[in-house]
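Asker: dropping a prediction and its sequence here:
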Amino acid sequence: MNLDSFAWSGWFVRDAARPLEGETVPDSHDDEVVVYKFFDARLRFPPHPLVIGVMKRFNLKFHQLNPSSFVKLSIYIWGCKSQGVEPDHEGFVHLHQVHSQPRKINVNGKAVLLQFGVYTFVYRHGVEVPVQA
């Protein structure tokens with residue numbers, strides 16, 4: 001694929017992304033994700049199928065995950081592949097649970113609960129983990 005078929009500095013295939021057209025709160029469709037600066041860390045789309053499966057299983061959106069969530073997903077994928085095993089979202093779900101880290105900020109003197117970067121993955125209690133990280 002040549003560079004002319006890419007939009008937004010080569011990060012997305014043309015017409016596969018859209019800017020927030022006047023939205024003050026991101027309103028993603030079912031087949032969309034909200035992203036900000038993940039591309040500075042070399043995150044690319046489409047992500048590994050495991051990521052999509054895990055997000056569907058836990059009913060999460062990209063913008064709800066904090067950066068360490070992507071590290072946990074990457075470690076799991078690396079651990080599986082390094083042992084010649086295909087990463088499976090059911091295996092990830094067996095080892096991990098979602099941990100909420102709610103954050104509140106004051107907006108005009110009123111406490112508001114943030115919806116961005118507030119979830120991460122932690123190992124389930126009592127499971128043996130292949131990689132402690």
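Answerer: Everything's here; your move.
Asker: quick one: pLDDT of the residue sitting nearest the centre point of the chain?
Answerer: Central residue check for the chain by CA atoms, centre = their mean: the C-alpha nearest the mean position is that of Phe62, 4.1 Å away. Model confidence at Phe62, expressed as pLDDT, equals 82.
Asker: pretty sure it contacts Ile52?
Answerer: No. Between Phe62 and Ile52 there is no contact under CB atoms under 8 Å: 10.2 Å. Bear in mind the C-beta positions are built from the backbone N, C-alpha and C, glycine included.
Asker: and the pLDDT at Leu95?
Answerer: The model reports Leu95 with a pLDDT of 91.
Asker: likewise for Val33?
Answerer: As summarised for this prediction, Val33 has a pLDDT of 68.
Asker: I figured Val129 hits Leu95, correct?
Answerer: Yes. At 6.2 Å, Val129 counts as touching Leu95 under the criterion of CB under 8 Å.
Asker: the more surrounded of those two?
Answerer: The residue with more neighbours, out of Val129 and Leu95 and counting by other CB atoms under 10 Å, is Leu95; that gives 18 against 13.
Asker: quick one, phi psi at the more buried one?
Answerer: The phi/psi pair for Leu95 (degrees, to the nearest 10) reads phi -90, psi -20.
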